[in-house]
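*Asks:* Structure of the sequence below:
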Amino acid sequence: MLNITCNLTVFFEDPFWVGVYESTSNGKLEAAKVIFGPEPKDYEIYSYFLSNWKRLRFSPTVKNATTKPKKINPKRLQREIHNELSQTGTGTKAQQALKLQHEQNKVERKSFNRKRTEEEKQHKYQLRQQKKKEKHRGR
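*Replies:* Take a look at the predicted model:
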């Protein structure tokens, strides 16, 4: 049985409002970070996720050790919701997942830039060789 739980946390990270979308399925957590800019309304967040769901870049999966959810007393649930709303920031597992995604993007960017500079060097070398041949053409 596939069990998927999702959690969206919106908080203020100076100077922008940031949303972290955590998705847990089969004990593995993925996270995506969205920067909203000015303080978003509930309906703006909802419409954003409906229209941009396919463009979200989720982090690689991270193992998440969770227990099965128990039946919770409604009053206790209300208190837990109030406590979560009063806290700011992201969960540590989500932070790890986002950090891993950031590191992978950094490695990809470095390899792409390295490859591009090598291609530019090779192209300049070819141009120099061609100019040399053109100079000595008549001899």
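*Asks:* Which stretches in the chain count as helices?
*Replies:* Here the chain has its helices, by DSSP state H, at 42-52, 74-86, 92-135.
*Asks:* Nearest to Thr24 among the ones you listed would be which one?
*Replies:* Using C-beta to C-beta as the measure, helix 92-135 is the one of the helices of the chain that comes nearest Thr24, at 8.7 Å. For every residue, glycine as well, the C-beta is placed using N, CA and C.
*Asks:* In terms of secondary structure, what does the helix or strand of the chain at the bottom of the mean pLDDT ranking contact?
*Replies:* Lowest on mean pLDDT, DSSP states H and E among the helices and strands of the chain sits strand 62-63, with a mean of 78. Where contact means 3 or more C-beta pairs under 8 Å, 6 or more residues apart in numbering; DSSP states H and E, strand 62-63 is packed against strand 28-37, helix 92-135.
*Asks:* can I get those in a markdown table with distance to Leu50, mean pLDDT and mean neighbour count?
*Replies:* Putting the helices and strands packed on strand 62-63 into a markdown table (distance: least, C-beta to C-beta, whole Å; pLDDT from 0 to 100; neighbours: other C-beta atoms under 10 Å) gives the following:
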| stretch | distance to Leu50 | mean pLDDT | mean neighbour count |
| --- | --- | --- | --- |
| strand 28-37 | 13 | 86 | 18 |
| helix 92-135 | 21 | 91 | 12 |
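*Asks:* With distance to Leu77 added, can I get the ones you listed in a markdown table?
*Replies:* Formatted as a markdown table, these follow (distance: least, C-beta to C-beta, whole Å):
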| stretch | distance to Leu77 |
| --- | --- |
| strand 28-37 | 22 |
| helix 92-135 | 21 |
